[in-house]
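> only geometry, no sequence info:
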């Protein structure tokens, strides 16, 4: 291996990559559920029956789910290409995931135990992976492509 080539993705970087791939799968399913409700003949009348405020909130949720899917997809591709901007964007992506979990914890009509479980994993991932991406020599040697 020459001095200028980047290291391969391996070691502890497999865990953040796995987390990213699972999140991409989850975001894909969420977008499909939103899209399915738009084309389903049973749910479309129910959506039209919503008040304008709730319809706007539903539309914003759909747009945000689509934007999060795109950002996760883009970050996954950049991760595999070992782009230099991955560490910064991975940290941003983790913080957005924590914010979404906090939003779900605060505003969703689900039990506190379920919301707390959904909040636990993004918090744990951010607590472990943010320092790793900031300080790891392996991360600095791996993500060097422009």
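Received it, and whenever you're ready, just let me know what you need. If you're wondering where the values come from, they're calculated on a predicted model, not measured in any experiment.

> By average pLDDT, which secondary structure element in the protein comes out worst?
helix 43-48 (a mean of 79; mean pLDDT, DSSP states H and E).

> other SSEs contacting that one?
Packing partners of helix 43-48 (3 or more CB pairs under 8 Å, 6 or more residues apart in numbering; DSSP states H and E): helix 14-39. Yep, even glycine has a C-beta here, placed from its N, CA and C like the rest.

> how much distance is there from the helix it packs on to the middle of the chain?
Distance, stretch centre to chain centre, for helix 14-39: 8 Å (CA atoms, centre = their mean, to the nearest Å).

> thinking again about what came up before, next SSE after the least confident helix or strand of the chain?
Next along the chain after helix 43-48, taking DSSP states H and E as the criterion, comes helix 52-80.

> How far off centre is that following helix?
Distance, centroid of helix 52-80 to centroid of chain: 9 Å (CA atoms, centre = their mean).

> sorry, back to before: what does the least confident helix or strand of the chain contact?
By CB atoms under 8 Å, 6 or more residues apart in numbering, the list of residues contacting helix 43-48 from outside reads 36-38, 55, 58.

> Just the element for residue 140, please.
helix 137-142.

> Residues in contact with that helix: which ones?
6-9, 11-13, 82, 87, 132-133.

> average pLDDT across it?
The average pLDDT within helix 137-142 is 91.
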